[in-house]
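> Need a 3D model of the following:
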Amino acid sequence: MKSACVAAALLLGALSVGAAEKKELVSFSHNDWELVCDNTRTCRAAGYQSESGQSEPVSMLLTRAAGPDQAIEVQLQVGGEGEAKGPLRLKVGSATVSGLKADTATLDAGQARTVLPELLKSSEATVTANGGKKWTLSLAGLNAVLLKMDDTQGRIGTPGALVRRGTKPEASVLPPVPAPAVNVVKPPKAKPGDAGLPARIFPSLDVAAVKEQCNNSTDFSAKSLEVVRLSGSKVLLSMGCGMGAYNYSSLLWIANDKPPYAPVSLEANGDFDDSDASVTSAMKGRGVGDCWSSETWHFNGTTFVRTGASGDGMCRGFAGGAWSLPRYVSRIVDAAPSATPSKP
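Down below sits the predicted model:
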């Protein structure tokens, strides 16, 4: 129980969002199912084997885009020791779907329509493979999660609702929200003399604030400060900050490349990739690596703005996590490159 609580805290902390973004996001879980709806109102519900049961890892993902008359995509994934010998057979209530791809499968539209009503009125579903191997998918919490999905997308009382159908016109369903566009400016090459910037900028940093935030502050020095160029006059500073059993964090600043350096701390946290001007932070929920969260920011020519956030909240035994559940998405637009540094 303690490890699960720690994992949840890490995932939620790593996926913090601004107040404006939070208005569009929905995250909800009940028993063995969880729901995440991103800022475009696309919703994803994921369910797993019972945590108290004996089944090896199995998960189902239900994805539905916002807007009227949207179908539901159903995906199924199995894990555990040894390779699953396909094809797989899914049985729930009176519905049976055979010939599914081993490991991860996507049901076609007809199969999804057959399975969905049975999922809503059953307590579990079983998956079997050639050789007799069997997985048991818990459906505890599914109805509550899908009701929340319907509510988020404005489907309650419409013919397309999953849980509470009615006669309200399908046109009343909430439309999708466009993903925000972010103009990304890629950095130029380093200027001659950039290698000396860490020593020159370091005295401008707030040493007391860094030591208060970091658990490895004894290493806080100019030698531990990395500097990369963002534009003709701006640079990115990074320094390792948090060291854990299997997670690592850093502090980032944007500064001028000439006095006054005036470093400004950033919310962005992670490793910088100059190929696409991005910073990505990845956090592992627990040591076995069966749940992760990540956030991404991109440089827009002035600062770093959040462009993506995702994670899988339940740690249920899938190496690398069962699914990526986006909480925030955006549309990346390549803008004009940063000013080319002048010749020395």
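> contacting residues for S330?
Under the criterion of C-beta atoms under 8 Å, 6 or more residues apart in numbering, the neighbours of S330 are 179-182, 306-308. Every C-beta, even on glycine, is put in place using the N, C-alpha and C of the backbone.
> Inside strands: which ones of those?
181-182, 306-308 (DSSP state E).
> filter these to the buried ones?
Buried subset of the ones in strands among the contacts of S330 (neighbour count, 16 or more other C-beta atoms under 10 Å): 182, 306-308.
> closest to G141 among those residues?
G141 has its nearest neighbour among these in G308, at 26.8 Å by C-beta to C-beta.
> hey, what's the residue nearest to that closest one when sequence neighbours are not counted bridged with?
Distances taken as C-beta to C-beta, 6 or more residues apart in numbering place T296 nearest to G308, at 4.1 Å, with adjacent residues excluded. On the basis of DSSP bridges, T296 is bridged to T280, G308.
> so T296 makes contact with V305?
No - T296 is beyond contact range of V305, at 10.1 Å (criterion: C-beta atoms under 8 Å).
> the more surrounded of these two?
Each of T296 and V305 has its neighbours counted (other C-beta atoms under 10 Å); T296 has more, 22 against 17.
> The more buried one: what's it in contact with?
By C-beta under 8 Å, 6+ apart, the residues touching T296 are 278-281, 306-309.
> okay, those residues in a markdown table with pLDDT and distance to K211 next?
As requested, the contacts of T296 are exported to a markdown table (pLDDT from 0 to 100; distance: C-beta to C-beta, whole Å):
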| residue | pLDDT | distance to K211 |
| --- | --- | --- |
| S278 | 96 | 28 |
| V279 | 95 | 23 |
| T280 | 93 | 26 |
| S281 | 90 | 21 |
| R306 | 96 | 27 |
| T307 | 97 | 31 |
| G308 | 96 | 31 |
| A309 | 94 | 28 |
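> Below-threshold pLDDT in the stretch 201-344 of the chain: ranges please.
216-219, 242-247, 285-289, 336-344 (pLDDT under 70).
> Spatially central residue in this structure, please.
Centroid-nearest residue in the chain: S310, 0.7 Å away (criterion: C-alpha atoms, centre = their mean).
> Specify the residue ranges that define each domain of this structure.
Listed domain ranges for the chain are 25-172, 181-334 (source: automatic domain parsing).
> end-to-end on the shortest one?
By that I understand domain 25-172. 20 Å (C-alpha to C-alpha, to the nearest Å).
> Quick one: mean pLDDT over it.
Across domain 25-172, the average pLDDT comes to 94.
> Distance from that domain to the middle of the chain?
With C-alpha atoms, centre = their mean, to the nearest Å as the basis, domain 25-172 stands 19 Å off its chain's centre.
> Since that was my last question, I'll sign off now.
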